[in-house]
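Trainee: Mind folding the following:
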Amino acid sequence: MVYLAVERGFSVHTVRAYRTDLAGLVAFAAGRDVVAADGLSLELLRDWLWVGTQQGLARATIARRSASARSFTAWQARTGASAADPAVRLRSPKPGRPLPRVINHAQMQQLLTHLELRAASQDPAALRELALVELLYASGLRVSELIGLDVADIDLHRLTVRVTGKGDKERVVPFGVPAQTAILGYLDRGRPALAAHAGTVPPTRALFLGTRGQRLGVRAVYRLVATLLADVPGNGPAGPHALRHTAATHLLDGGADLRAVQELLGHASLGTTQIYTHVSAERLKQSYRTAHPRA
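Mentor: Here you go, the predicted model:
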């Protein structure tokens with residue numbers, strides 16, 4: 001796992017997923033009386049993936065399991081722990097890429113207005129939630145990037161945030177005046193109150209703090225966004241990624257260049273960003289079918 005984190009530059013979440021996959025592979029192999037890594041074979045690995053599909057695992061999960069096995073056996077062969085790499089010819093179904101959930105402009109404005117009304121009470125948690133959602137929507141950050149932010153990463157004069165993304169790649173992402181206003185309110189009145197809950201624990205540089213005065217966690221952000229989106233019509237996951245999808249789609253709807261959106265989102269491949277052009281096209285077709293008398 002050190003190899004994945006240090007040499008491959010994988011995120012903490014990816015390393016954790018690979019660890020879970022490999023633990024499952026070890027248990028499966030042990031059930032086939034294979035207790036050493038050099039006893040793995042292509043047939044056993046294929047059986048492992050097949051059993052996963054029979055258990056109803058998602059195509060994306062099967063694809064990740066395949067990638068985990070290939071990384072592991074390649075590392076084994078490279079370090080001399082195994083004489084050969086049995087997963088060289090291991091293939092898995094490509095994960096499907098369903099259109100991501102996107103919240104429309106009116107729904108997004110309603111959600112933000114709701115948060116603004118709550119923040120008007122000056123409750124520290126409400127101020128934090130408004131700043132958090134405004135920044136997520138304005139910048140299209142991943143949730144891991146959001147909770148990894150320190151106060152020093154925010155430049156409120158230039159309206160930019162310095163982000164460390166996948167593979168420890170750093171980028172600078174712009175945000176707008178509404179996010180600036182929300183962050184200023186949070187830093188002025190919300191964060192100090194939350195930081196006071198840390199007690200004798202050393203202060204943290206984190207931008208977003210939890211109820212105990214320490215860095216906010218991924219689960220807390222998921223719970224917040226899922227709660228906010230619970231009553232918003234639409235299909236698909238209701239986590240923070242929905243706000244990232246929404247930001248990207250609204251940018252393209254507004255005429256933003258695809259490569260500029262790629263840079264903003266921190267995508268290594270333009271192909272990953274292109275899914276949002278499909279989303280925009282689908283939204284256009286839906287509007288056409290609803291509005292045109294000859295649709």
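
Trainee: which stretches of this structure aren't confidently modelled?
Mentor: When residues are selected by pLDDT under 70, those of the chain lie in 1-10, 92-100, 200, 235-237, 270-295.

Trainee: The same query, at a cut-off of 50, please.
Mentor: Along the chain, the parts satisfying pLDDT under 50 run over 5-6, 284, 287-288, 291-292, 294-295.

Trainee: Flag every buried residue along the helix or strand that contains residue 44.
Mentor: For residue 44, the element it lies in under DSSP states H and E is helix 42-54. By neighbour count with 16 or more other C-beta atoms under 10 Å, helix 42-54 contains the buried residues 44, 45, 46, 48, 49, 52. Backbone N, C-alpha and C define where each C-beta goes, glycine included.

Trainee: any idea how far residue 203 is from the fifth one?
Mentor: Counting by C-beta to C-beta, to the nearest Å, the gap between residue 49 and residue 203 amounts to 47 Å.

Trainee: Next, give me the two most distant ones among the buried residues of helix 42-54.
Mentor: Of all pairs drawn from the buried residues of helix 42-54, the greatest distance, 13.0 Å, lies between 44 and 52 (C-beta to C-beta).

Trainee: Closest one to residue 75 out of the buried residues of helix 42-54, please.
Mentor: Nearest to residue 75 among those is residue 45, at 14.6 Å by C-beta to C-beta.

Trainee: residues contacting that closest one?
Mentor: Contacts here follow C-beta atoms under 8 Å, 6 or more residues apart in numbering; on that basis residue 45 touches 25, 69, 73, 86, 87, 90.

Trainee: let's see it at 10 Å
Mentor: Taking C-beta atoms under 10 Å, 6 or more residues apart in numbering as the criterion, residue 45 is in contact with 25, 28-29, 65-66, 69-70, 72-73, 86-87, 89-90, 92.

Trainee: What of residue 125?
Mentor: Under the criterion of C-beta under 10 Å, 6+ apart, the contact partners of residue 125 comprise 118, 119, 190, 193, 194, 209, 210, 211, 224.

Trainee: same thing with residue 85?
Mentor: For residue 85, the set of contacting residues under the criterion of C-beta under 10 Å, 6+ apart consists of 40, 42, 70, 72, 73, 74, 75, 76, 77, 78.

Trainee: Wasn't it part of a helix?
Mentor: No: counting by DSSP: H, G, I helix; E, B strand; the rest coil, residue 85 is not part of a helix but coil.

Trainee: out of everything not next to it in sequence, what's closest to it?
Mentor: With C-beta to C-beta, 6 or more residues apart in numbering as the criterion, residue 85 has its nearest non-adjacent residue at 4.0 Å, and that residue is residue 77.

Trainee: can you map out the helices along the stretch 51-200 of the chain?
Mentor: Per DSSP state H, counting those that start in this stretch, the stretch 51-200 of the chain has helices spanning 59-79, 105-119, 124-139, 143-147, 177-185, 191-195. These are given in chain order.
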